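Visitor: okay, structure incoming, though there's no sequence with it:
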């Protein structure tokens, strides 16, 4: 009788394991368009825990099945040069259900070096290097430093460099001793803010946060890759949580407004801060889908520029379904038919 | 004193009604999460509203994009000291996204202030003109707010008004603002602004006895013109914020009879840093500009009321 009890318990455990939702991921590792065979792709739960490891085949392709959630992803391949690939999204949300595709573009695997900086004050150091793409220096790139990945490594971070010059050099002086996530971006038309769009260059320093030591200069070159296609900044979160709003942006005549971003702030006083959630620009039909994480109360609006404070002439408008522009979105629900009217700021 | 009519579409249920019926007594509010501002009592003005006589504001009043609010001469608007979010600043406010017309007269000014018996700066939040179609103020006295008025992304005209005993007297950014003939005194910051590429005109005012006369926070490029104002008795006549990365000119103003060198010793403009920005004051006016003072119609300065500097 005891043996039967144990057997049934095992069966229940197996069934429970089969029933748990799983995330499926597939991808390909390439270097300058060519597959990187035998890459070791490591997917580490963002909250910590045992990583899942997949190995790419001769065509650079890999697959994995794992628990849904946010992951830090990094692929490495030995060789000359040794290569590393980090996706632009950190962390990557892997939802249950449909397979998630991860295209990973490898770059030379740079490791930081450290030089004495005796003139620096104790507790302070520096970070510098060169930003490159396909081996050539990149002018006009901006490097941002982040203390953690809570923001998804988006926005200005704690420090933002000046745009690089013709030699691609960047530098941060007087940095607090610590460790920083380092991201470089070169947007078309020289913009220093807003989502990275198709054709822009970006690069995330591999290996996690980069150390900055007291009275030392960390030297690290950054290699950028080209973003191959647009994707909404939080599209993976919508897939993961099923929470957000859908609707349409129109002008004062009711015509669809194309080319505007829809934003959401969790604070009513939006000031000059960065929104908590942002779409890509609307298309000709003015329609948008805005993921909203785990839901809550958000203050919504739409505007023409993705970063900085609104400027005169820019199309701008708040969600007017409530006097304070707030909308409460329950977890797991997508609120539809949200309408936002935009008009030029300081229009005569 | 009349209270605003009870149309609180955001706030739920009986607690709001209890608040409205409790005229003259301290309101008893249910506890709210500090971040849950959506639950604040809110009055929405969608059409054309007119205020006159005595008006008690104990909530957020929003003049929506299609609405307008006219405040008649002689109106007294009193704001209750109610701090729902616990930040130490009163939360009663008027936000204008449509149009505001508050035009009093010297004999019958409009008076915006605290409803409390012991009024202090920050009892109420502000008169907030934000992405609005326009605001016109004349002969309005504003006291005991966090900001007497904030103007952002909006056109506004402020003539012959008085802003005193606030944290910020007049605050603006990216505004098509004319501020003239007004008296701005006994605030922490008389005028606080972020220009952000859009010009404002501040001309013919008396800016006196503030902790800081003018605070240029950031992104100010010298397109906001401060001309023919009297700066008198401010502890720091001008202050530049840490993120203000260039100097600013303030020519043709009166600085209480002091020359530029003397005034600049009191200016906080980062010149202690070798490459810091710097304020310039030349030419300094040798005598005060005639400014028609608000409310009482009295005049100050060497010129007559309504002299060229006043408008």
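Guide: Yep, it's here. Quick caveat, the model's predicted, so the values are computed rather than measured.

Visitor: can you read off the pLDDT for residue 3?
Guide: Using chain A here. Note for residue A:3: predicted pLDDT of 46.

Visitor: not what I meant, chain B
Guide: On the pLDDT scale, residue B:3 gets 54.

Visitor: same question for residue B:300.
Guide: Looking at residue B:300, its pLDDT stands at 45.

Visitor: cool, residue A:201 as well?
Guide: Residue A:201 is assigned 93 on the pLDDT scale.

Visitor: swap in residue B:141?
Guide: 97.

Visitor: do the same with the one 10 residues further on
Guide: Taken from the predicted model, the pLDDT recorded for residue B:151 is 97.

Visitor: got the phi/psi numbers for it?
Guide: phi -120, psi 120 (degrees, to the nearest 10).

Visitor: for the residue in the stretch 101-250 of chain B positioned nearest to chain A, give me its contacts.
Guide: Nearest to chain A, among the residues of the stretch 101-250 of chain B, is residue B:153, at 5.0 Å (C-beta to the nearest C-beta). Just so you know, the C-beta spots here come from the backbone N, C-alpha and C atoms, and that holds for glycine as well. Under the criterion of C-beta atoms under 8 Å, 6 or more residues apart in numbering or on different chains, the contact list for residue B:153 reads A:310, A:316, A:345-346, B:130-132, B:173-175.

Visitor: now with 6 Å?
Guide: Going by C-beta atoms under 6 Å, 6 or more residues apart in numbering or on different chains, residue B:153 touches A:310, A:345, B:131, B:174.

Visitor: looking at this, the first one is in a helix?
Guide: No: secondary structure assignment places residue A:310 outside any helix; it is coil (DSSP: H, G, I helix; E, B strand; the rest coil).

Visitor: just give the number of residues close to it.
Guide: Residue A:310: 22 surrounding residues under other C-beta atoms under 10 Å in any protein chain shown.

Visitor: okay, it: pLDDT?
Guide: Value for residue A:310, per-residue pLDDT: 88.

Visitor: what's the answer for the last one, then?
Guide: Among the per-residue scores, residue B:174 shows a pLDDT of 89.

Visitor: try residue A:195
Guide: We have a pLDDT of 76 for residue A:195.

Visitor: in the stretch 1-150 of chain A, which spans are helices?
Guide: Counting by DSSP state H, counting those that start in this stretch, the stretch 1-150 of chain A has helices at residues A:2-19.

Visitor: where does pLDDT dip in it?
Guide: By pLDDT under 70, the weakly predicted segments of the stretch 1-150 of chain A are A:1-19.

Visitor: how about the strands in the stretch 1-150 of chain A?
Guide: A:23-31, A:34-35, A:40-45, A:52-55, A:61-66, A:69-77, A:83-85, A:92-94, A:100-105, A:107-108, A:113-116, A:124-133, A:136-137, A:142-146 (DSSP state E, counting those that start in this stretch).

Visitor: would you reformat those as TSV and include mean neighbour count?
Guide: Rendered in TSV, the data for the strands of the stretch 1-150 of chain A read as follows (neighbours: other C-beta atoms under 10 Å in any protein chain shown):
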stretch	mean neighbour count
strand A:23-31	21
strand A:34-35	12
strand A:40-45	19
strand A:52-55	16
strand A:61-66	16
strand A:69-77	22
strand A:83-85	25
strand A:92-94	23
strand A:100-105	19
strand A:107-108	19
strand A:113-116	12
strand A:124-133	21
strand A:136-137	12
strand A:142-146	23
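
Visitor: how about these in CSV, adding distance to residue B:43?
Guide: Formatted as CSV, these follow (distance: least, C-beta to C-beta, whole Å):
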stretch, distance to residue B:43
strand A:23-31, 48
strand A:34-35, 64
strand A:40-45, 48
strand A:52-55, 55
strand A:61-66, 52
strand A:69-77, 42
strand A:83-85, 55
strand A:92-94, 41
strand A:100-105, 47
strand A:107-108, 57
strand A:113-116, 61
strand A:124-133, 52
strand A:136-137, 58
strand A:142-146, 41
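
Visitor: can you put these in JSON lines and add distance to chain B?
Guide: Output for these, formatted as JSON lines (distance: least, C-beta to the nearest C-beta, whole Å):
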{"stretch": "strand A:23-31", "distance to chain B": "31"}
{"stretch": "strand A:34-35", "distance to chain B": "46"}
{"stretch": "strand A:40-45", "distance to chain B": "28"}
{"stretch": "strand A:52-55", "distance to chain B": "36"}
{"stretch": "strand A:61-66", "distance to chain B": "34"}
{"stretch": "strand A:69-77", "distance to chain B": "23"}
{"stretch": "strand A:83-85", "distance to chain B": "36"}
{"stretch": "strand A:92-94", "distance to chain B": "24"}
{"stretch": "strand A:100-105", "distance to chain B": "32"}
{"stretch": "strand A:107-108", "distance to chain B": "34"}
{"stretch": "strand A:113-116", "distance to chain B": "26"}
{"stretch": "strand A:124-133", "distance to chain B": "17"}
{"stretch": "strand A:136-137", "distance to chain B": "27"}
{"stretch": "strand A:142-146", "distance to chain B": "17"}
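
Visitor: quick one: classify residue A:166 as helix, strand or coil.
Guide: Secondary structure for residue A:166, judged by three-state DSSP, is coil.

Visitor: after the least confident helix or strand in chain B by mean pLDDT comes which helix or strand?
Guide: Least confident helix or strand, chain B: helix B:14-21 with a mean of 31, by mean pLDDT, DSSP states H and E. As assigned by DSSP states H and E, the chain's next helix or strand after helix B:14-21 is strand B:42-45.

Visitor: mean confidence score for that next one?
Guide: Taken as a whole, strand B:42-45 has an average pLDDT of 88.

Visitor: contacting residues around it?
Guide: Under C-beta under 6 Å, 6+ apart, the answer for strand B:42-45 is A:323-324, B:4, B:10, B:59-64, B:67, B:69.

Visitor: in its sheet, what does it sit against?
Guide: In the sheet, strand B:42-45 lines up against strand B:60-63 (parallel) (DSSP bridges).

Visitor: show me which residues of the stretch 51-200 of chain B sit near chain A.
Guide: Counting by C-beta under 6 Å from any C-beta of the partner chain, the stretch 51-200 of chain B comes close to chain A at B:62, B:153, B:176, B:196, B:198.

Visitor: now, which of the residues you listed sits nearest residue A:278?
Guide: Residue A:278 lies nearest to residue B:153 out of these, by C-beta to C-beta, at 19.1 Å.

Visitor: how far away is the closest one from residue B:222?
Guide: 20 Å (C-beta to C-beta, to the nearest Å).

Visitor: residue B:70 now?
Guide: Residue B:70 is 36 Å from residue B:222, where distance means C-beta to C-beta.

Visitor: test my guess that residue A:274 contacts residue A:156.
Guide: No: the criterion here is C-beta atoms under 6 Å, and residue A:274 misses it with residue A:156 at 7.1 Å.

Visitor: look up the residues forming beta bridges with the residue of the stretch 51-200 of chain B found nearest chain A.
Guide: Distance from chain A to each residue of the stretch 51-200 of chain B (C-beta to the nearest C-beta) is smallest for residue B:62, at 4.5 Å. Per DSSP bridges, the residues bridged to residue B:62 are residue B:44, residue B:95.
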